[in-house]
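Dropping a prediction and its sequence here:
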Amino acid sequence: MTHHPYLGWVDSDDQLAPTALAETVAILDAQPQTGMVYID
């Protein structure tokens, strides 16, 4: 079974920078004590 440690919601009108997810994952991986982030 594949493990996917992150879950995110994106609405149809949301706009993300091309590197937004990769940058967020890198920060979360470097700081495992962080339980959740919210991007607005």
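Nice, I can see it.

Please make it C-alpha for all contacts and neighbour counts, starting now.
Fine.

So what touches the strand or helix carrying Glu23?
For Glu23, the host element (DSSP states H and E) is helix 20-30. The set of residues external to helix 20-30 that reach it, using CA atoms under 8 Å, 6 or more residues apart in numbering, is Thr34.

tell me which residues of that helix are tucked away?
By 16 or more other CA atoms under 10 Å, the buried positions in helix 20-30 come out as Leu28.

quick check: mean pLDDT across that helix?
Averaged across helix 20-30, pLDDT comes to 90.

Pull that helix out as PDB, backbone CA atoms only.
Provided in PDB are the C-alpha atoms of helix 20-30 (Å, rounded to 0.1, in the frame of the first residue of the first chain):
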ATOM      1  CA  ALA A  20       3.600  26.000  -3.900                       C
ATOM      2  CA  LEU A  21       3.000  22.300  -3.100                       C
ATOM      3  CA  ALA A  22       6.600  21.300  -3.400                       C
ATOM      4  CA  GLU A  23       7.700  24.200  -1.100                       C
ATOM      5  CA  THR A  24       5.000  23.400   1.400                       C
ATOM      6  CA  VAL A  25       5.900  19.700   1.500                       C
ATOM      7  CA  ALA A  26       9.600  20.600   2.000                       C
ATOM      8  CA  ILE A  27       8.800  22.800   5.000                       C
ATOM      9  CA  LEU A  28       6.500  20.100   6.500                       C
ATOM     10  CA  ASP A  29       9.100  17.400   6.000                       C
ATOM     11  CA  ALA A  30      11.700  19.600   7.700                       C
END
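
So what's the gap between it and the chain middle?
Distance of helix 20-30 from its chain centroid, counting by CA atoms, centre = their mean, to the nearest Å, is 6 Å.

How about stretch 5-18?
Its chain's C-alpha centre lies 8 Å from the corresponding centre of stretch 5-18 when counted by CA atoms, centre = their mean.
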